[in-house]
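Participant: Pasted the sequence and its predicted model underneath.
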Amino acid sequence: MMVKLKIDNFDVEVESGTSILDAARKVHIDIPTLCKHPDVDPSAGCGMCIVKVGGRILRSCCTPVAEGMEVVTNDAELQETRKTVLELILSNHPNYCLKCARSGQCELQDLAMRFGVDHDEIRKILAPTEIDESTQAIVLDPAKCIVCGRCVDICQNQQNVWALSYQNRGLATKITGANDADLANTPCIKCGQCAAHCPTGAIVEYDETQKVWDMLKDKELFTVVQIAPAVRVALGEEFGYDFGENLTGKIYAALRRIGFNKVFDTNFGADLTIIEEASEFVRRFSEKDNLPMFTSCCPAWVDYVEKYYPENISNLSTCKSPHQMVGAVAKTYYAQKAGVSPDKMRVISIMPCTAKKWEAHRHETMSSSGYQDVDVVLTTRELAKMIRQAGINFKGLPEEVADNPLGEYSGAATIFGVTGGVMTAALRTAYFYITGQELGMLNFAEIDGLDGIKAAEVDINGTKIRIAVVNGVGNVEEVMSAIREAATNGEELPYHFVEVMACRGGCIAGGGQPKVMMHGLPKPWGINDEIRKLRSKGLNDEDEEAKNRLSHHNKSIKQVYDEFLGKAGEGKAHELLHTKYRQRDLYK
Amino acid sequence: MVETSQAAQIANKWRKKRGSLIMALHEIQDVKGYVDWQDAVDVSLCMGIPLARIYEVLTFYNFFKLEAPGKAVISVCTGTACYLKGNDKVLEKFKAELGINEGESTPDRMFHLQSVRCVGCCGLAPVCVVNGKTYGRMTPDMVPQILEEWRQAFKEN
Amino acid sequence: MADMDLDKRFDIHEMAKNKQAEIDRFVCSIYCCHSTGCKSSGSDDLIDLMKNFIAEKEAEDKIRIVATGCMGLCAQGPLIRVEIKGKKDVLFKRLDKESVAEIMNDYVWPAINTQGDFLVPEKLQEHILSLDLPFFTRQEKVVLQNTGHMDPEDIQEYIARGGYLALEKALKTMTPEQVVAEIKKSGLRGRGGGGFSTGMKWELAAKVPTIDEKFIICNGDEGDPGAYMDRSILEGDPHAVIEGMMIAAYAIGATEGWFYVRAEYPLAVERLEKAIKACKKNRLLGNNIMGTDFCFNVDIRLGAGAFVCGEETALIHSIEGARGTPRPRPPYPTNKGLWGKPSCVNNVETLANVAKILLKGADWFASFGTETSKGTKVFALTGQVEHSGLIEVPMGTTINEIVNEIGGGVPNGKKLKAVQTGGPSGGVIPKEYMDMPVCYEELKKVGSIMGSGGMIVMDDTSDMVSIAKFYLDFTVDESCGKCAPCRIGGKQMLSLLDKINKGKGTKKDLAQLRKIASAMQKASLCGLGQTAPNPVLSTLKFYEDEYQSKLVDNKKAAGEN
Ligand SMILES: Cc1cc2nc3c(=O)[nH]c(=O)nc-3n(C[C@H](O)[C@H](O)[C@H](O)COP(=O)(O)O)c2cc1C
Ligand code: SF4
Ligand code: SF4
Ligand code: SF4
Ligand code: SF4
Ligand code: SF4
Ligand code: SF4
Ligand code: SF4
Ligand code: SF4
Ligand code: FES
Ligand code: FES
Ligand code: FES
């Protein structure tokens, strides 16, 4: 149903249920907001978005429009009230902009500029706080927190992890773990979605750029870098490119200029993963061994299973994630080939993800080469910082290609970064393994898009394989219950193969991705479904245009198996490319 | 499942009823005087409520104590009637005599001092309550006497 | 309509008749206040003593002891009212074991054994509280009709006094629409502070279809520190509230009722629990109540020390087992409340009015009060007033009548300075406005509110800046912390007030105080933050000189240091 109303004397017609805030955006009025985010239930906490309706002051972010409503979004009283509220918020916020990871991309700083704040109008009240770096994946600085509640809603209601919570009340309200536990001692899975949604610098990635600079400086060391699929369609946002623009070639060029000795691609690892995972699935499916099989390339999901579903640990694929495979192969096969001593080699992964920082040391098997296979994981945002620090004019860079052999990849690898991609890529190869023929239609429409749970049945020569694709780890409960129920009732399994990505939309919307303001467009900054769609499109387009869209046709992969790994899932391949799991306590 | 702890038993009793987290926490505090980490963990397991939520609740409501308080809980009323009749001075006197602040216990765990908003005896204002015993028409001079009375009471037991 | 005879299980008329006959057999009834105030000044012991006396004299069929709810004059407690057939009722105050023993030996016992008048002996005169005091005669008891006159723990007494007749009337002779119409016509407005029309709220709630469940919630959180109306009602007449809730449930189609009572009220909870048990036992709760199709059950949930949980959406979160933080409305609880189901929230006193309205009619109720504020209102009269206690007066009674006549004026030769209503959300009313009638509209005009019924009297020694600071201190303590204007604004206002109060404030601080107050009123999410500045703004309005005289700039100008 459509509703007609007037906003500042402009006629607007919007779907009923739309908020006044969104309706105002239709007529190009950008009401200031601080707590509202489209991914999150309105907390109505900040009080910046107030408007007047019939003389009454209301919050526009959480008040739905009504027929015939007359809204005033801006008058002297509203202006002054908003400014005072902002001054109040700033009176409880340290002036740390010069030393803040979010400076320049911070919604609070932006509002301060917008309102022309040029001094501390109200005396500061700042309680002593401690920074929580315990996870070494994300950093929580309570001093910068404005208690908007976005992270809590994400962590509790959407991710269903319940690591973050509100503790105490009033001005003492603090966002932290239960009983003020450090995040590393909570169920936190390091997905970083809290950081992706925080309007300020209160939750950011754990910055390891200096570690990498130190490695680059050390001439004894041989540095190898790789970029994840999702990085290529997001990094450009930091340098003024459109959302979803694929800049693989420029990123390679930037990495060389930063000084890495070799530039590889995690996509190579994704193809490798498919070879291993498709073989594993074909075997497990035929032997009915621990079905359904769950994908394992999302470390946040792995962590979640280890904590919340320990009884399902054996359902996880034992395959490492792509960048870990690249790390293991780099420090063994490639080190030998290039004549580099693996103890002098450093592997740096550029990932859209904060959980990968944890993954690099999550288990002994992550050091299968005899050394930690991946030494440092940087997020896309950290790479952008390094490019700036190096003084590289990103826009002016030429397009380069990756180094071989760990740089070649198929279209199937690229789509790893978007929900449904791993499943699609695996099915393409599994089909070939089972039938000896190539799949006709390369995509599965049922598992495309942002629905939390997508299911399909795939016919492989008369064998029906039931698959589910979950994005947003909070959606997994439903799938797990269905599986558990079928098992207890002795019924047939609802699924044989399940892909889970902890972040809504997959890695393209990972916790380490850019959070850039869409210039000229209304807030919020960073992730939302529009951006998810654009970044996904960037990856899907590359797949569609790729000459080779099948992992098992990647020639370098074949070469590595022939020259070094042997047979998928066995011997050296198993030793280097597979991992183990253990139950983890929710609280330490 | 946790079987035997007192907290677990209480939580199990309440788990099937709706809207009962706060009731279960009340009951635990009633029997042991506070709700500690292990109690909260037991409640979490028995009632299927995330621990983070339980601590959100425990730290939001003034009523809940996370640690064992002193043996004698002194509640000084700071409701309007008592305030107007000078209970702020009585509170100050307790603080001075015990050397602790509101919400704290003495190091010997003998006394716990807290201020409460109206204990329902405004007619007797200003009012203090020690372990359920009400002292009406308080003056700061009465403070040492009351403390002595409770010290004696504990000595006798 | 089901025929009454169809339900043989329980007949309230019969129970009323039997109970009344039983009561009438006694020559003497002694009512002893057994509410929180008097209990803590020792009424338990007095009851034991009297019971022993009766046992000793083997007078069990002559004298009965009734432990009652609050008689209103808690400051004079413990109180006892002695009613002997053929003799004037006598009220005794400030009792202890000795004086009660004397009352029994030297008044009650000889009096019941004497024909004609029997005077209270001289030595007991100091304990007599005249029932002719305006404190008693000027009140109009509708809600408090039963409190102090019966044992709240005995459902039969309630029924003997006409209890559950209104429920029977509603269930058996009225449609839900008629019940709503009657309440709407009465003009009853919510006593929880908002003053919203109860009939209208019920109409809205009734309109929302009951898909599987619909709830009626009784708000007994009463967080205002200095107000104890709801506590006294729950302690003194719990069945009246339950009956009101049941009628509301019938009217709006609710399937289940919830009492949310603050944890600081253990006695109220205990009495409520007993009353609910008695109802269940007598089939007044459960399935097919009074033989009709009406099925209804209730449960109790406790608060845990958070004033903001009186706000209806916070209260709902609290029952759900979460932090008691308010949420934006709409959606209103009547559409989306407890567990997302339609829920109607009503205050204790509001519900306590309902049965009386149905029995005596909307017109009778509307005959009390003013044009827009109907009925009576219970107030907790405290502070610097001679008779502090619980009173009930028709809406529109003037402050002067309440403070000086009923309350007996300011004691100790001091003069009245102001009256505070509405607790931490309200404001002060200076003595110049003493002839103002107390009703929703008038109070608003001077910058205060009716609130839930706290009325605090201040004498001319009161320092208004400290009073304002006292209230603000409270709201800052109780801010849930969800929204920035209240979370930070309250604290900032408090530190400015503190600075001014210590004589260190400047004119700029005063201006900033006003500016933050205004932003808090306009941009806070819930009533707590929106009204928290009221005590400051209203004292500023009437007593700005008291603030000014503390400012550094002015002190300098006046030659002070
Ligand atoms: C901060 C705050 C505290 C409140 N406290 C109470 C309370 O203690 N008791 C109450 O009945 N209503 C209280 N209310 C009002 C309730 O939100 C609600 O309006 C009321 O319970 C509705 O009942 P009524 O219509 O019968 O008054 C409070 C409101 C606010 C904003
Ligand atoms: S969070 Fe924003 S406003 Fe705060 S210090 Fe960082 S950049 Fe500045
Ligand atoms: S913007 Fe302000 S704080 Fe930042 S560097 Fe410039 S002067 Fe310093
Ligand atoms: S990283 Fe993920 S799990 Fe950890 S606190 Fe943030 S949202 Fe919660
Ligand atoms: S940490 Fe960030 S997202 Fe979370 S409440 Fe604070 S400001 Fe909001
Ligand atoms: S799991 Fe995410 S980060 Fe890892 S390779 Fe796949 S797309 Fe890249
Ligand atoms: S979905 Fe991708 S970005 Fe998100 S946690 Fe998993 S691997 Fe990391
Ligand atoms: S209820 Fe009791 S404590 Fe509260 S104001 Fe009244 S007399 Fe004081
Ligand atoms: S106004 Fe105060 S109490 Fe109300 S929601 Fe905001 S912070 Fe909480
Ligand atoms: S209250 Fe609406 S954006 Fe914060
Ligand atoms: S204000 Fe102290 S007992 Fe009520
Ligand atoms: S408590 Fe006894 S008269 Fe009020």
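Facilitator: Everything's here; your move. Everything numeric here is computed off the predicted structure, so don't read it as measured data. Ligands and ions are numbered 1, 2, ... in the order given.

Participant: Give me the below-cutoff pLDDT ranges for chain A.
Facilitator: Applying pLDDT under 70 to chain A flags the ranges A:518-525.

Participant: what does it have sitting close to ligand 1?
Facilitator: By the rule CB under 6 Å from any ligand atom, no part of chain A lies against ligand 1. In this view, the C-beta of every residue, glycine as well, is placed from N, C-alpha and C.

Participant: State which helix of chain A is the longest.
Facilitator: Ranked by residue count and defined by DSSP state H, the top helix of chain A is helix A:266-287.

Participant: Now do it: which elements does it pack against?
Facilitator: When contacts are defined as 3 or more CB pairs under 8 Å, 6 or more residues apart in numbering or on different chains; DSSP states H and E, helix A:266-287 sits against strand A:222-227, helix A:229-232, strand A:293-294, helix A:322-329, helix A:411-414, helix A:421-435, helix A:555-560, helix A:571-577.

Participant: can you pull the contacts of C:K415?
Facilitator: By CB atoms under 8 Å, 6 or more residues apart in numbering or on different chains, C:K415 lies in contact with C:431, C:459-460.

Participant: at 7 Å instead, please
Facilitator: C:459-460 (CB atoms under 7 Å, 6 or more residues apart in numbering or on different chains).

Participant: Report the secondary structure state of A:V374.
Facilitator: In terms of secondary structure, A:V374 is coil; the call rests on DSSP: H, G, I helix; E, B strand; the rest coil.

Participant: Quick one: low-confidence residue ranges for chain B.
Facilitator: Along chain B, the parts satisfying pLDDT under 70 run over B:1-3, B:157.

Participant: Residues of it that sit close to chain C?
Facilitator: Residues of chain B that fall close to chain C, judged by CB under 7 Å from any CB of the partner chain: B:19-23, B:26, B:49, B:53, B:56-57, B:60-64, B:79-81, B:83-84, B:117-124, B:134, B:136.

Participant: try chain A
Facilitator: A:42-47, A:50, A:57, A:59, A:62, A:64, A:81, A:84-85, A:88-89, A:91-92, A:122, A:125, A:146-147, A:166, A:169-171, A:173.

Participant: C:G310 is in contact with C:G223, correct?
Facilitator: Yes: at 4.8 Å, C:G223 counts as touching C:G310 under the criterion of CB atoms under 7 Å.

Participant: between the two, who's got more neighbours?
Facilitator: C:G310 (28 against 23; other CB atoms under 10 Å in any protein chain shown).

Participant: Give me the phi and psi for that one.
Facilitator: Torsion angles at C:G310 (phi, psi; degrees, to the nearest 10) stand at phi -70, psi -30.

Participant: circling back: which one of the helices and strands packed on helix A:266-287 lies closest to C:A16?
Facilitator: In terms of CB to CB, the element of the helices and strands packed on helix A:266-287 nearest to C:A16 is strand A:293-294, at 68.7 Å.

Participant: Residues in contact with the longest helix along chain B: which ones?
Facilitator: Among all segments of chain B classified by DSSP H, the helix with the greatest residue count is helix B:142-156. Residues outside helix B:142-156 that contact it (CB under 7 Å, 6+ apart): B:71-72, B:90, B:93-94, B:97, B:110, B:130, B:135.

Participant: Among these, which are located in strands?
Facilitator: Using DSSP state E, the subset of those located in strands is B:72, B:130, B:135.

Participant: Contacting ligand 8 as well, which ones from those residues?
Facilitator: Of those, not one also sits near ligand 8 (CB under 6 Å from any ligand atom).

Participant: Would you mind giving those as CSV with distance to C:L171 and neighbour count added?
Facilitator: Listed next are those as CSV, based on distance: CB to CB, whole Å; neighbours: other CB atoms under 10 Å in any protein chain shown:
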residue, distance to C:L171, neighbour count
B:A72, 51, 22
B:V130, 48, 19
B:Y135, 48, 21
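
Participant: who's in contact with C:M458?
Facilitator: C:M458 makes contact with C:383-384, C:417-418, C:420, C:467 under the criterion CB under 7 Å, 6+ apart.

Participant: who wins for neighbours among these?
Facilitator: Ranked by neighbour count under the definition other CB under 10 Å, the contacts of C:M458 are headed by C:Q420 with 29 neighbours.

Participant: For my notes, confirm it occurs in a helix.
Facilitator: No: judged by three-state DSSP, C:Q420 forms no part of a helix; its state is strand.

Participant: how much space between it and C:H387?
Facilitator: Going from C:Q420 to C:H387 by CB to CB, to the nearest Å gives 17 Å.

Participant: Equivalent analysis for A:L577, please.
Facilitator: Taking CB to CB as the measure, A:L577 falls 87 Å from C:H387.

Participant: C:S99 too?
Facilitator: 20 Å.

Participant: For these two, work out which one has more neighbours and name it.
Facilitator: C:H387 (23 against 19).

Participant: Model confidence for that one, exactly?
Facilitator: In the predicted model, C:H387 carries a pLDDT score of 92.

Participant: what's the residue closest to the geometric middle of chain A?
Facilitator: With distances taken as CA atoms, centre = their mean, A:G510 lies nearest the centre of chain A, 0.7 Å away.

Participant: wait, doesn't it sit right on A:C503?
Facilitator: Yes: A:G510 is within contact range of A:C503, at 5.2 Å (criterion: CB under 7 Å).

Participant: Can you say which helix or strand has A:G407 in it?
Facilitator: Using DSSP states H and E, A:G407 maps to neither a helix nor a strand.

Participant: Assumed C:T475 was part of a strand.
Facilitator: No: going by three-state DSSP, the assignment for C:T475 is helix, not a strand.

Participant: contacting residues around it?
Facilitator: Neighbours of C:T475 in contact, by CB under 7 Å, 6+ apart: C:424, C:490, C:528, C:532.

Participant: go with 8 Å
Facilitator: Neighbouring residues of C:T475 by CB under 8 Å, 6+ apart: C:307, C:424, C:490, C:528-529, C:532.
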